[in-house]
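Engineer: below is the sequence, then the predicted model.
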Amino acid sequence: MGSGTDVSWQVTSGAQDPGTVERLLSLLPGWFGIPAANADYIRSAQVLPTYLAWSAEAGPAATQPVGVLLARRHFRAEAEIHLLAVEPSQHRRGVGRALVEAFVADLVSDGCALLQVKTLGPSHPDEGYAQTRQFYLALGFRPLEELSEFWGPQNPCLIMVRVLDQPAPLAGNDGTEFERATSE
(Lines give C-alpha, C1' and ligand atoms only; values in the text may rest on other atoms or scores of the structure.)
Protein backbone atom coordinates (compact mmCIF):
# COMPACT_ATOMS: atom_id res chain seq x y z
CA MET A 1 0.00 0.00 0.00
CA GLY A 2 1.19 3.48 -0.70
CA SER A 3 0.99 6.50 1.54
CA GLY A 4 -2.39 7.99 2.31
CA THR A 5 -4.05 4.79 3.49
CA ASP A 6 -5.20 6.62 6.61
CA VAL A 7 -8.25 7.82 4.64
CA SER A 8 -11.39 5.85 5.40
CA TRP A 9 -13.89 4.87 2.77
CA GLN A 10 -17.58 4.18 2.90
CA VAL A 11 -18.73 1.50 0.48
CA THR A 12 -22.36 1.32 -0.59
CA SER A 13 -24.05 -1.31 -2.74
CA GLY A 14 -27.38 -1.90 -4.35
CA ALA A 15 -27.85 0.95 -6.83
CA GLN A 16 -26.57 0.73 -10.39
CA ASP A 17 -24.65 3.82 -11.49
CA PRO A 18 -23.66 3.75 -15.18
CA GLY A 19 -22.82 7.47 -15.03
CA THR A 20 -20.11 6.88 -12.45
CA VAL A 21 -18.74 3.98 -14.47
CA GLU A 22 -18.58 6.17 -17.58
CA ARG A 23 -16.93 9.04 -15.67
CA LEU A 24 -14.29 6.82 -14.03
CA LEU A 25 -13.46 4.95 -17.24
CA SER A 26 -12.91 8.28 -19.00
CA LEU A 27 -10.33 9.19 -16.33
CA LEU A 28 -8.41 5.93 -16.87
CA PRO A 29 -7.47 5.72 -20.58
CA GLY A 30 -4.30 3.73 -19.79
CA TRP A 31 -6.42 0.92 -18.38
CA PHE A 32 -9.70 1.42 -20.22
CA GLY A 33 -8.81 2.75 -23.66
CA ILE A 34 -10.91 0.53 -25.91
CA PRO A 35 -14.17 2.40 -26.68
CA ALA A 36 -16.20 -0.75 -27.48
CA ALA A 37 -15.10 -2.40 -24.22
CA ASN A 38 -15.96 0.76 -22.28
CA ALA A 39 -19.43 0.84 -23.86
CA ASP A 40 -19.89 -2.80 -22.73
CA TYR A 41 -18.87 -1.88 -19.17
CA ILE A 42 -21.32 1.03 -19.13
CA ARG A 43 -24.12 -1.26 -20.39
CA SER A 44 -23.18 -3.85 -17.75
CA ALA A 45 -23.39 -1.14 -15.08
CA GLN A 46 -27.12 -0.87 -15.79
CA VAL A 47 -27.77 -4.41 -14.52
CA LEU A 48 -24.85 -5.81 -12.52
CA PRO A 49 -24.57 -5.47 -8.74
CA THR A 50 -22.59 -2.32 -8.03
CA TYR A 51 -20.36 -1.25 -5.16
CA LEU A 52 -19.43 2.43 -4.84
CA ALA A 53 -16.68 3.95 -2.69
CA TRP A 54 -17.11 7.37 -1.10
CA SER A 55 -14.80 9.39 1.13
CA ALA A 56 -16.03 8.84 4.70
CA GLU A 57 -14.42 12.14 5.75
CA ALA A 58 -16.54 14.10 3.26
CA GLY A 59 -19.74 12.61 4.72
CA PRO A 60 -22.85 14.07 3.08
CA ALA A 61 -20.61 16.51 1.17
CA ALA A 62 -19.31 13.67 -1.00
CA THR A 63 -21.13 14.26 -4.26
CA GLN A 64 -19.45 11.62 -6.42
CA PRO A 65 -18.10 8.16 -5.74
CA VAL A 66 -14.33 7.82 -6.18
CA GLY A 67 -14.43 4.12 -7.06
CA VAL A 68 -16.72 1.45 -8.46
CA LEU A 69 -16.80 -2.34 -8.54
CA LEU A 70 -19.19 -4.27 -10.78
CA ALA A 71 -19.91 -7.79 -9.53
CA ARG A 72 -20.91 -10.89 -11.43
CA ARG A 73 -22.08 -14.12 -9.84
CA HIS A 74 -21.55 -17.12 -12.14
CA PHE A 75 -22.44 -19.87 -9.66
CA ARG A 76 -23.44 -19.96 -6.00
CA ALA A 77 -19.88 -20.75 -4.97
CA GLU A 78 -18.09 -18.56 -7.55
CA ALA A 79 -18.14 -14.87 -8.39
CA GLU A 80 -16.16 -12.38 -10.46
CA ILE A 81 -15.02 -8.80 -10.23
CA HIS A 82 -16.30 -7.67 -13.62
CA LEU A 83 -14.90 -4.14 -13.27
CA LEU A 84 -12.89 -2.23 -10.70
CA ALA A 85 -12.14 1.44 -11.40
CA VAL A 86 -10.80 4.13 -9.05
CA GLU A 87 -10.17 7.83 -9.69
CA PRO A 88 -6.47 8.27 -10.50
CA SER A 89 -6.07 10.86 -7.72
CA GLN A 90 -7.20 8.21 -5.23
CA HIS A 91 -4.94 5.34 -6.37
CA ARG A 92 -2.94 3.66 -3.60
CA ARG A 93 -5.14 5.11 -0.86
CA GLY A 94 -7.22 2.02 -0.04
CA VAL A 95 -10.25 2.62 -2.27
CA GLY A 96 -9.82 -0.54 -4.35
CA ARG A 97 -9.13 -2.64 -1.26
CA ALA A 98 -12.26 -1.26 0.46
CA LEU A 99 -14.40 -2.10 -2.58
CA VAL A 100 -13.03 -5.62 -2.96
CA GLU A 101 -13.29 -6.40 0.76
CA ALA A 102 -16.90 -5.16 0.91
CA PHE A 103 -17.75 -7.46 -2.00
CA VAL A 104 -15.86 -10.35 -0.39
CA ALA A 105 -17.71 -9.87 2.91
CA ASP A 106 -21.04 -10.12 1.09
CA LEU A 107 -19.89 -13.20 -0.84
CA VAL A 108 -18.63 -15.02 2.26
CA SER A 109 -21.88 -14.32 4.11
CA ASP A 110 -23.72 -15.84 1.13
CA GLY A 111 -21.58 -18.99 1.03
CA CYS A 112 -19.41 -18.09 -1.96
CA ALA A 113 -16.01 -19.83 -1.93
CA LEU A 114 -14.10 -18.50 -4.93
CA LEU A 115 -13.63 -15.05 -6.49
CA GLN A 116 -12.02 -14.41 -9.85
CA VAL A 117 -10.82 -11.37 -11.74
CA LYS A 118 -9.53 -11.03 -15.28
CA THR A 119 -6.75 -8.57 -16.08
CA LEU A 120 -4.04 -8.02 -18.66
CA GLY A 121 -1.49 -10.83 -18.39
CA PRO A 122 2.19 -10.56 -17.50
CA SER A 123 3.33 -11.47 -21.03
CA HIS A 124 2.20 -7.96 -22.04
CA PRO A 125 4.77 -5.30 -21.03
CA ASP A 126 2.36 -2.76 -19.53
CA GLU A 127 3.60 -1.12 -16.31
CA GLY A 128 0.12 -0.02 -15.22
CA TYR A 129 -1.19 -3.56 -15.43
CA ALA A 130 1.92 -4.85 -13.63
CA GLN A 131 0.77 -2.63 -10.74
CA THR A 132 -2.77 -3.95 -11.11
CA ARG A 133 -1.55 -7.53 -10.82
CA GLN A 134 0.47 -6.62 -7.70
CA PHE A 135 -2.66 -5.01 -6.21
CA TYR A 136 -4.63 -8.24 -6.68
CA LEU A 137 -1.76 -10.33 -5.28
CA ALA A 138 -1.74 -8.16 -2.16
CA LEU A 139 -5.46 -8.92 -1.75
CA GLY A 140 -4.88 -12.67 -1.82
CA PHE A 141 -5.55 -13.40 -5.50
CA ARG A 142 -3.30 -15.89 -7.29
CA PRO A 143 -2.72 -16.32 -11.03
CA LEU A 144 -4.57 -19.28 -12.49
CA GLU A 145 -4.05 -19.06 -16.25
CA GLU A 146 -3.06 -16.65 -19.01
CA LEU A 147 -5.11 -17.01 -22.21
CA SER A 148 -4.11 -15.36 -25.47
CA GLU A 149 -7.33 -16.40 -27.21
CA PHE A 150 -9.71 -14.72 -24.73
CA TRP A 151 -9.06 -11.06 -25.66
CA GLY A 152 -6.68 -11.80 -28.55
CA PRO A 153 -2.89 -12.23 -28.71
CA GLN A 154 -2.24 -8.49 -28.28
CA ASN A 155 -4.15 -8.47 -24.95
CA PRO A 156 -3.40 -11.70 -23.04
CA CYS A 157 -6.01 -12.35 -20.35
CA LEU A 158 -4.78 -13.38 -16.91
CA ILE A 159 -7.36 -15.10 -14.73
CA MET A 160 -6.62 -14.61 -11.04
CA VAL A 161 -8.53 -16.32 -8.23
CA ARG A 162 -8.95 -15.90 -4.50
CA VAL A 163 -10.25 -18.58 -2.17
CA LEU A 164 -12.69 -16.87 0.17
CA ASP A 165 -12.43 -19.05 3.26
CA GLN A 166 -9.46 -17.03 4.50
CA PRO A 167 -8.78 -13.30 4.82
CA ALA A 168 -6.48 -11.46 2.43
CA PRO A 169 -2.85 -11.21 3.51
CA LEU A 170 -1.71 -7.82 4.72
CA ALA A 171 1.68 -7.88 2.97
CA GLY A 172 2.48 -7.76 -0.73
CA ASN A 173 4.29 -10.42 -2.71
CA ASP A 174 7.45 -10.69 -4.77
CA GLY A 175 5.69 -11.58 -8.04
CA THR A 176 6.94 -15.16 -8.34
CA GLU A 177 3.33 -16.35 -8.71
CA PHE A 178 3.50 -15.34 -12.37
CA GLU A 179 6.31 -17.76 -13.18
CA ARG A 180 5.22 -20.58 -15.45
CA ALA A 181 4.75 -24.04 -13.95
CA THR A 182 7.36 -26.57 -15.02
CA SER A 183 4.76 -29.14 -16.10
CA GLU A 184 1.73 -28.50 -18.26
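Structural biologist: Ah, there it is.
Engineer: what does stretch 112-124 contact?
Structural biologist: Stretch 112-124 has contacts (Cβ atoms under 8 Å, 6 or more residues apart in numbering) with 73, 76-81, 84, 103-104, 107, 126, 129-130, 132-133, 136, 141, 143-144, 146-148, 150, 154-165, 178. Any C-beta I mention is one placed from the backbone N, CA and C, and that applies to glycine too.
Engineer: buried ones in that stretch?
Structural biologist: Buried residues in stretch 112-124, counting neighbours by 16 or more other Cβ atoms under 10 Å, are found at 112, 114, 115, 116, 117, 118, 119, 120, 121, 122, 124.
Engineer: do the same with stretch 155-163
Structural biologist: 156, 157, 158, 159, 160, 161, 162.
Engineer: equivalent analysis for stretch 89-100, please.
Structural biologist: By neighbour count on 16+ other Cβ under 10 Å, the buried set for stretch 89-100 is 90, 91, 93, 94, 95, 96, 97, 98, 99, 100.
Engineer: and the strands in the chain?
Structural biologist: Using DSSP state E, the strands assigned to the chain run over residues 9-13, 50-55, 67-75, 78-86, 114-120, 142-147, 157-163.
Engineer: re earlier: buried subset of the contacts of stretch 112-124?
Structural biologist: 78-81, 84, 103-104, 107, 129, 132-133, 136, 141, 143, 146, 156-162, 164, 178.
Engineer: where does the chain have low pLDDT?
Structural biologist: Applying pLDDT under 70 to the chain picks out residues 1-6, 58-62, 166-184.
Engineer: 80 instead, please
Structural biologist: Within the chain, the set of residues satisfying pLDDT under 80 comprises 1-7, 57-62, 165-184.
Engineer: can you show me the helices along it?
Structural biologist: 18-26, 35-44, 95-109, 127-138, 148-151 (DSSP state H).
Engineer: on that earlier part again, ok, so of the buried residues of stretch 112-124, who is nearest residue 63?
Structural biologist: Lowest distance from residue 63 to the buried residues of stretch 112-124 (Cβ to Cβ) belongs to residue 117, with 28.7 Å.
Engineer: any idea how many residues pack against the closest residue to residue 95 other than its chain neighbours?
Structural biologist: Excluding the flanking residues, the one nearest residue 95 by Cβ to Cβ, 6 or more residues apart in numbering is residue 67, at 4.2 Å. Number of residues near residue 67 (other Cβ atoms under 10 Å) recorded here: 26.
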